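Novice: Turn this into a structure:
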Amino acid sequence: MKKRFTLDCSREVEFSVLAINSHAKGYKLCWNINNFMHMNFEKVEDQTIENEMTFSRYKYSTDENIEYNIVTNRSKKGYLIPDQKSVNYFLIINNQNWAAEKKEFISKLKENKEVLLVFEIDVEKSKYIDRFIFNDKKD
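Specialist: The predicted structure follows:
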């Protein structure tokens, strides 16, 4: 009789994702957010998926170890998140207190003239959750 094993790979999601629609280029959107929300996004190494698709990425870290990443959804060869083709950018937020700050943050982001639409993605239901995890090289 064959034995059957089940591997449960569920993990707790420790970040939140906002979908952003904007006609602006990534650098202009980040510049606008930097000025409007007093942040400091900087261009970092592109996110590469399946060794062929690259997506521009911008990162900002605070003194309180809160990390923000903005990554484009479109590349020349496909989408970062194929089931969200209408989304231009994703803002990934690693913040323990996100629930308390979410409403105010989203409200302020919506006031930005470069942002057309903002909504939260339910990452626990996304089959592409691994694409929101960045392995930055530590120097």
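Novice: What separation do you get for the residue lying closest to T48 once chain neighbours are set aside and V71?
Specialist: Using C-beta to C-beta, 6 or more residues apart in numbering and skipping the chain neighbours, the partner closest in space to T48 is T54 (5.2 Å). (Each C-beta comes from the backbone N, C-alpha and C, glycine too.) Separation of T54 from V71 (C-beta to C-beta, to the nearest Å): 10 Å.
Novice: who has more neighbours, these two?
Specialist: For the pair T54 and V71, the greater number of neighbours falls to V71 (23 against 16), based on other C-beta atoms under 10 Å.
Novice: Need the overlap of contacts for T54 and V71.
Specialist: Here T54 and V71 share the contacting residues Q47, scored by C-beta atoms under 8 Å, 6 or more residues apart in numbering.
Novice: so what's the backbone phi/psi at E45?
Specialist: Per-residue torsions, E45: phi -60, psi 140 (degrees, to the nearest 10).
Novice: can you count the residues close to it?
Specialist: For E45, using other C-beta under 10 Å, the count is 12.
Novice: Sticking with the nearest residue to it once chain neighbours are set aside, tell me its helix or strand.
Specialist: Distances taken as C-beta to C-beta, 6+ apart put R57 closest to E45, at 7.1 Å, once the chain neighbours are dropped. Per DSSP states H and E, R57 falls inside strand 53-61.
Novice: Flag every buried residue along that strand.
Specialist: M53, T54, F55, S56, R57, Y58, K59, Y60 (16 or more other C-beta atoms under 10 Å).
Novice: do stretch 29-43 as well
Specialist: L29, C30, N32, I33, M37, F41.
Novice: and if you look at stretch 122-137?
Specialist: For stretch 122-137, burial by neighbour count (16+ other C-beta under 10 Å) applies to V123, S126, I129, R131, F132, F134.
Novice: I'd guessed the second one sits against L80; true?
Specialist: By that I understand S126. No - contact between S126 and L80 fails when scored by C-beta atoms under 8 Å: they sit 11.0 Å apart.
Novice: Can you name the residues bridging to E120?
Specialist: L18 (DSSP bridges).
Novice: Surely it is in contact with V17?
Specialist: Yes - E120 lies in contact with V17 (C-beta under 8 Å); the separation is 7.1 Å.
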